[in-house]
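In: I need the structure of the sequence given here:
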Amino acid sequence: MLKISGEALAGAAGFGLDAETLHYIAGEIVSVHNLGIQTAVVVGGGNFIRGNAFSQQGGFDRTAADQMGMMGTVINGLALQAAIERYGVPVRVQSAIQVSQVAESFIRRRAVRHLEKGRVVVFAAGTGNPYFSTDSAAALRALEIDAQVLLKATKVDGIYDKDPRLHPDAVKYDVVSYSTALDKRLAVMDQTAFTMCRDHNLRIIVLDLNAPGSMLRAVQGETVGTTVTGD
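Out: Numbering: from 1, shown residues only. Model (predicted):
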């Protein structure tokens, strides 16, 4: 299972979709798929709207704001589908909200069958519920499809004790336990997602999306980024 933020799809612009960036990310996903590894993706929607931030800034209803964010992830899911299919790899987008004219509704058994048939599955619309992040959706979907590892692709090369972009003395963890991640409130994934992964012993690898080949190296067992695992 791969978790990608919506902002990652925007490239340098920071908003919307960047075709070159989409092509690059699709190529990274395809490189993993071509190893014969069943590959699923959960995509965020922050390149269009973040429900929580939009609600707080504008005083809008949180549920409605989160639903707008879910729609943003559907757009991103369709964009990823189109980009991956350019490599000749079959893709299915499954949405947690009903948008049947553009994507399948999420059905766990159908998602598993798609993976068994060698298709990439892109999960959109988070969990389908407000107040839950797409990080939590990635943990949930990973558990539902019995994924062996959750890759969290970010803008940095792992988990640090503080933001390395702001603090030159930040220290990188090669391996960190779930408990440490929760106790220190390490902000790469939200606390709900960390807790779900800890409770079900789902390994997390946090890596740099912008480092070509990092996903491929991670699934091949090389030391990449930061691994979050049991105590």
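
In: Ranking helices and strands of the protein by mean pLDDT, which lands last?
Out: Least confident helix or strand of the chain, by mean pLDDT, DSSP states H and E, is helix 178-183 with a mean of 85.

In: ranges for the helices of this protein?
Out: 19-33, 51-58, 62-85, 108-116, 134-144, 178-183, 191-199, 214-219 (DSSP state H).

In: would JSON lines of those with distance to Gly6 and mean neighbour count be doable?
Out: For the C-beta atoms, the positions are set from N, CA and C on the backbone; glycine is no exception. Shown next, in JSON lines, are these (distance: least, Cβ to Cβ, whole Å; neighbours: other Cβ atoms under 10 Å):
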{"stretch": "helix 19-33", "distance to Gly6": "12", "mean neighbour count": "18"}
{"stretch": "helix 51-58", "distance to Gly6": "11", "mean neighbour count": "15"}
{"stretch": "helix 62-85", "distance to Gly6": "6", "mean neighbour count": "20"}
{"stretch": "helix 108-116", "distance to Gly6": "21", "mean neighbour count": "15"}
{"stretch": "helix 134-144", "distance to Gly6": "8", "mean neighbour count": "24"}
{"stretch": "helix 178-183", "distance to Gly6": "23", "mean neighbour count": "16"}
{"stretch": "helix 191-199", "distance to Gly6": "16", "mean neighbour count": "19"}
{"stretch": "helix 214-219", "distance to Gly6": "18", "mean neighbour count": "19"}
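
In: which stretch in these has the least confidence?
Out: Here the lowest mean pLDDT among those goes to helix 178-183, at a mean of 85.

In: Return it as CSV; C-alpha atoms alone will do.
Out: The C-alpha trace of helix 178-183 is given here as CSV (Å, rounded to 0.1, in the frame of the first residue of the first chain):
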residue,chain,number,x,y,z
TYR,A,178,5.0,2.9,17.1
SER,A,179,5.0,3.8,20.7
THR,A,180,7.8,6.3,20.2
ALA,A,181,6.0,7.8,17.2
LEU,A,182,2.9,8.2,19.3
ASP,A,183,4.6,9.5,22.4
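
In: who's in contact with it?
Out: With Cβ atoms under 8 Å, 6 or more residues apart in numbering as the contact definition, helix 178-183 has outside contacts at 159, 186, 188-189, 191, 194-195, 197-198, 228-231.

In: how about CSV for the residues you listed, with distance to Val43 added?
Out: Below are the contacts of helix 178-183 laid out as CSV (distance: Cβ to Cβ, whole Å):
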residue, distance to Val43
Ile159, 21
Leu186, 22
Val188, 17
Met189, 15
Gln191, 21
Phe194, 20
Thr195, 22
Cys197, 18
Arg198, 24
Val228, 21
Thr229, 25
Gly230, 27
Asp231, 31
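
In: which one among those residues gets closest to Ile97?
Out: Closest approach to Ile97 among the contacts of helix 178-183 (Cβ to Cβ): Met189, at 22.5 Å.

In: mind listing what the closest residue to the closest one other than its chain neighbours touches?
Out: Once flanking residues are discounted, Met189 sits nearest to Asp135: 4.6 Å by Cβ to Cβ, 6 or more residues apart in numbering. Each residue near Asp135 by Cβ under 8 Å, 6+ apart is listed here: 3, 152, 189-190, 192-193.
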